[in-house]
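Asker: generate a structure from the sequence data that follows.
(one chain, ligands or ions: 1)
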Amino acid sequence: MNDRRLVLRVATGSGLALVLPRTSGAQVRARDARPQEGDRFVVAAGDSKGTVVRLPDLQTGSPPLSVLPRDPSGTIRDGSRLNQILMVRLDETRMSAATRTRSAQGVLAYSAVCTHTGCDGLSWAAETLRFRCPCHESEFDAADGARVVGGPAPRRLPALPLKIVDDYVVAAATFSARAGVIQP
Ligand code: FES
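Answerer: A predicted model of the protein is given here:
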């Protein structure tokens with residue numbers, strides 16, 4: 001058996017074999033790990049799923065893009081729902097000063113998992129630049145570090161600082177806080 005593949009003989013005696021990709025321990029760890037500095041991002045769903053995100057893919061005024069981090073070796077970090085990220089490009093003049101320091105040419109990234117009880121599927125209000133949770137209606141101000149501006153969420157959505165490298169959107173650090181729900 002070679003190192004990259006796992007071959008399972010079918011126990012029917014037919015002689016057919018199933019060839020499955022083998023996932024190394026390192027790959028499993030990379031898939032489960034939170035985004036790290038140097039990660040790029042891929043589109044998480046839809047026709048462009050798997051496409052690596054470049055700056056021109058994000059237009060000011062367009063709805064957020066659902067993305068997943070991808071480590072420098074090409075492993076997509078899809079092993080945890082806590083790695084779901086919302087990426088949006090805003091007019092920098094509308095951002096708070098602290099938010100602007102985390103953005104890259106107006107692009108911002110936040111955890112897509114609500115800090116209340118962990119729902120995802122947040123919607124977007126373009127007029128107010130707010131994410132809205134479908135479960136209990138918490139709202140988060142994207143232009144001000146995703147601080148809570150309504151609903152029961154106890155804390156803001158963690159932010160992921162960004163930079164632009166060769167036109168690619170790249171993580172400049174890890175999440176600003178733990179993603180998801182923090183139990184008291
Ligand atoms: S899970 Fe988001 S507001 Fe309750």
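Asker: the lengthiest helix in the chain: which residues count as buried?
Answerer: What stands out as the longest helix in the chain, according to DSSP state H, is helix 25-32. By neighbour count on 16 or more other C-beta atoms under 10 Å, the buried set for helix 25-32 is 27, 30-31. (Glycine included, C-beta is placed from N, CA and C.)
Asker: ditto for stretch 131-151
Answerer: So stretch 131-151, judged by 16+ other C-beta under 10 Å, has buried residues 131-133, 135, 138-149.
Asker: do the same with stretch 36-44
Answerer: 39-44.
Asker: and stretch 69-80, by the same measure?
Answerer: So, applying 16+ other C-beta under 10 Å, buried residues of stretch 69-80: 69-71, 75-77, 79.
Asker: among the buried residues of stretch 131-151, which two are most distant?
Answerer: C135 and A143 (22.8 Å; C-beta to C-beta).
Asker: OK, contacts around Q59?
Answerer: Contacts for Q59 (C-beta atoms under 8 Å, 6 or more residues apart in numbering) come out as R89.
Asker: what about it, distance to D91?
Answerer: In this view, Q59 and D91 are 11 Å apart by C-beta to C-beta, to the nearest Å.
Asker: which residue comes closest to K49 once chain neighbours are left out?
Answerer: V43 (5.5 Å; C-beta to C-beta, 6 or more residues apart in numbering).
Asker: any idea how far the ligand is from that neighbour?
Answerer: 24 Å (C-beta to the nearest ligand atom, to the nearest Å).
Asker: now do S66
Answerer: 16 Å.
Asker: for that residue, which non-adjacent residue is spatially closest?
Answerer: That would be A44: by C-beta to C-beta, 6+ apart, it lies 4.3 Å from S66.
Asker: list the contacts of that neighbour.
Answerer: Per C-beta under 8 Å, 6+ apart, neighbours of A44: 66-68, 84.
Asker: one step back: I figured the residue nearest to K49 was touching R70, is that so?
Answerer: No: judged on C-beta atoms under 8 Å, V43 makes no contact with R70 at a distance of 10.5 Å.
Asker: relative to the ligand, how far out is P152?
Answerer: Counting by C-beta to the nearest ligand atom, the gap from P152 to the ligand is 6 Å.
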